[in-house]
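Colleague: got a predicted structure here, sequence first:
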Amino acid sequence: MSAMLVLASASPRRRELLRNAGIHFEVQPANIPEESRPGENAKDLAERLAREKAQAVATHRLHDFVLGADTIVVVDGQILGKPSDVADAARMLRLLSGRNHHVITGVCLVVNGRPQVASESTLVTVSKITEKEIADYIATGEPMDKAGAYAIQGIASRWIPRIEGDYSNVVGLPVALVFGMLKSAAFEFQ
C-alpha cells in the first residue's frame with residue numbers, strides 16, 4: 001500500500017484547495033495551541049506552528065506524508081491571528097482598511113520522521129472599509145475563524161483590488177509550494 005498524504009488541519013479551505021488541485025489526502029487535525037512566543041516574528045511563528053501540527057500527527061502516521069500549515073496576517077509588524085470575538089474582528093478590519101499587509105503561510109511536510117519546512121508570503125491591498133461595511137461583514141460570521149478576520153475568497157473579495165503573490169496562500173495554503181515539496185519528496189500522486 002502506498003503512503004497517504006495526511007492533512008494535519010481541520011480547515012475546510014485547505015481541504016478545498018488540495019481537492020481542487022487534484023491532490024488526494026486524508027484529514028487528521030492536530031490540536032496544538034496556536035500562540036506566539038515573545039519576540040517571535042510572523043514567518044518563524046507560521047513555520048513553527050506548521051511544524052508542530054505536522055509532527056503531532058506524524059507520530060501516529062509513521063509511513064505517511066503529513067502536511068501541517070498555519071496562516072498569519074501581518075500589518076506593520078503586528079501579527080493578526082483569528083479574532084477572539086466580534087470586537088477583535090472589528091479591530092483587525094479597521095487595521096487592514098485602506099492599506100497593504102502580508103499573508104504568510106508556513107507549511108511543513110513530514111516524511112519518515114523528517115520535517116521539511118517552508119513558507120510563502122503574499123502582499124494584499126485592502127480598500128477603505130466603512131464602519132457600516134465592517135459591522136455588516138462581521139454579522140455574516142465569515143471573519144470569525146479566519147486569520148486577519150477576512151476571507152479573500154468570500155465577501156471580503158470586494159475590498160481586495162490587488163495582491164502580489166500566490167492567491168491560494170491568502171486562502172490558507174500555497175498549493176504550488178506544497179505540490180513542489182511533495183514532488184521533491186517523491187510522493188506518488190494518484
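Modeller: Everything's here; your move.

Colleague: make it CA atoms for all contacts and neighbour counts henceforth
Modeller: Noted.

Colleague: helices of this structure, residue ranges please.
Modeller: In the chain, the helices defined using DSSP state H lie at 12-20, 42-58, 86-96, 131-139, 167-171, 175-184.

Colleague: shaky segments in the protein?
Modeller: Residue ranges of the chain with pLDDT under 70: 1.

Colleague: check which residues of stretch 178-189 are buried.
Modeller: By neighbour count with 16 or more other Cα atoms under 10 Å, stretch 178-189 contains the buried residues Val178, Phe179, Met181, Leu182, Phe187.

Colleague: which one among these gets closest to Met92?
Modeller: The shortest approach to Met92 among these belongs to Val178, at 28.3 Å (Cα to Cα).

Colleague: which residues sit in contact with that closest one?
Modeller: Val107 (Cα atoms under 8 Å, 6 or more residues apart in numbering).

Colleague: separation between it and Ala118?
Modeller: 9 Å (Cα to Cα, to the nearest Å).

Colleague: swap in Asp145?
Modeller: 23 Å.

Colleague: which of these two has more residues huddled nearby?
Modeller: It is Ala118, of Asp145 and Ala118, that has more neighbours when counted by other Cα atoms under 10 Å, with 21 against 17.

Colleague: how about that one, what does it touch?
Modeller: Shown in contact with Ala118 (Cα under 8 Å, 6+ apart): Glu47, Gly106, Val107, Cys108.

Colleague: now it, which residues is it bridged with?
Modeller: Val107 (DSSP bridges).

Colleague: send the alpha carbons of stretch 36-44 over as CSV?
Modeller: Below are the C-alpha coordinates for stretch 36-44, written out as CSV (Å, rounded to 0.1, in the frame of the first residue of the first chain):
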residue,chain,number,x,y,z
SER,A,36,3.3,33.2,19.6
ARG,A,37,6.4,33.3,21.7
PRO,A,38,7.9,36.6,22.9
GLY,A,39,10.0,38.2,20.1
GLU,A,40,8.9,35.6,17.5
ASN,A,41,8.4,37.1,14.1
ALA,A,42,5.5,36.2,11.8
LYS,A,43,7.4,33.9,9.4
ASP,A,44,9.0,32.0,12.3
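
Colleague: and it, what's buried?
Modeller: Within stretch 36-44, the residues scored as buried using 16+ other Cα under 10 Å are Ser36, Ala42, Lys43, Asp44.

Colleague: coming back round to it: can you say which of the contacts of Ala118 are buried?
Modeller: Here, 16+ other Cα under 10 Å leaves Glu47, Gly106, Val107, Cys108 buried among these.

Colleague: and these as TSV, adding distance to Val171?
Modeller: Below are these laid out as TSV (distance: Cα to Cα, whole Å):
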residue	distance to Val171
Glu47	17
Gly106	13
Val107	14
Cys108	17
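
Colleague: quick check, nearest of those to Gly22?
Modeller: The nearest one, if we look at those relative to Gly22 and count by Cα to Cα, is Val107, at 18.5 Å.

Colleague: which residues touch that closest one?
Modeller: 46-47, 50-51, 67-70, 117-119, 173, 178 are the contacts of Val107 under Cα under 8 Å, 6+ apart.
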